[in-house]
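Engineer: sequence below, structure please.
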Amino acid sequence: MNERSERKTIPIQELNEASNCSSAEPYALMVLGDSMMPEFEQGEIIVVEPSGLVKDGSFVVAFVNDEFIFRQLVQHADGWMLKPLNPMYENIPVADIDVAKGVVIMKKRPGKRSEQKSYL
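Structural biologist: Sure thing, here's the model as predicted:
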C-alpha cells in the first residue's frame with residue numbers, strides 16, 4: 001500500500017477558510033484514512049489547539065511538503081520526525097517542531113457522547 005495514494009490531504013486554502021475564526025481558537029477535523037490507526041480511526045473527530053504546547057509524543061497537525069498532515073511528533077537521535085501509528089506508512093523527517101501548526105487535545109467518535117478521549 002502506497003502512503004501517497006492512501007493519505008488524504010486538506011488544501012491550504014480550505015483549512016485556512018475553515019479556521020478563519022482566529023488563529024488561536026481550537027478547531028475540529030475529521031480523521032481520514034488509516035495512517036493513525038489504531039489510536040485514531042477514520043471518521044473520528046479530533047480537536048486541534050493551534051497554540052497548544054508541542055512536545056515529544058504530541059499528536060499534531062503539521063505543514064510539511066506543501067500540505068497539512070496529521071501525525072505524532074517524535075524526537076529521535078537525529079532530530080524530529082512525524083510518525084504515523086500504522087507501521088504501513090513511512091516516518092517523515094522534519095527539521096524542527098515549527099512544522100506543527102496545532103496539537104490534538106481531544107478525539108471523539110461522532111454520535112457517541114460518552115466516547116471521547118483527551119490528550120492534555
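
Engineer: name the SS class of the closest residue to Phe59 other than its chain neighbours, please.
Structural biologist: Once flanking residues are discounted, Phe59 sits nearest to Val104: 3.9 Å by Cβ to Cβ, 6 or more residues apart in numbering. The C-beta positions use only the backbone N, C-alpha and C, and glycine is treated the same way. Under DSSP: H, G, I helix; E, B strand; the rest coil, the three-state class of Val104 is strand.

Engineer: got the contact list for the residue nearest in space to the middle of the chain?
Structural biologist: With distances taken as Cα atoms, centre = their mean, the chain has Phe70 as the residue nearest its mean C-alpha position (2.4 Å). Contacts for Phe70 (Cβ atoms under 8 Å, 6 or more residues apart in numbering) come out as 29, 31, 35-36, 40, 46, 59-62, 104.

Engineer: now do Ile105
Structural biologist: 26, 47-49, 52, 118-120.

Engineer: near the residue nearest to it when sequence neighbours are not counted, how many other residues are there?
Structural biologist: Distances taken as Cβ to Cβ, 6+ apart put Glu49 closest to Ile105, at 4.7 Å, once the chain neighbours are dropped. For Glu49, the neighbour count with other Cβ atoms under 10 Å is 19.

Engineer: what do you get for Ala28?
Structural biologist: Neighbour number of Ala28 under other Cβ under 10 Å is 13.

Engineer: confirm it sits in a strand?
Structural biologist: Yes: the assignment for Ala28 is a strand, going by three-state DSSP.

Engineer: that one touches Val61, doesn't it?
Structural biologist: No: the pair Ala28 / Val61 is not scored as a contact, 11.1 Å apart, by Cβ atoms under 8 Å.

Engineer: how about the strands in the protein?
Structural biologist: 27-30, 45-49, 59-64, 67-76, 79-83, 92-94, 100-108, 116-118 (DSSP state E).

Engineer: which helices and strands sit right next to the first one?
Structural biologist: When contacts are defined as 3 or more Cβ pairs under 8 Å, 6 or more residues apart in numbering; DSSP states H and E, strand 27-30 sits against strand 45-49.

Engineer: what packs against the strand it packs on?
Structural biologist: Contacts defined by 3+ Cβ pairs under 8 Å, 6+ apart place strand 45-49 against strand 27-30, strand 100-108.
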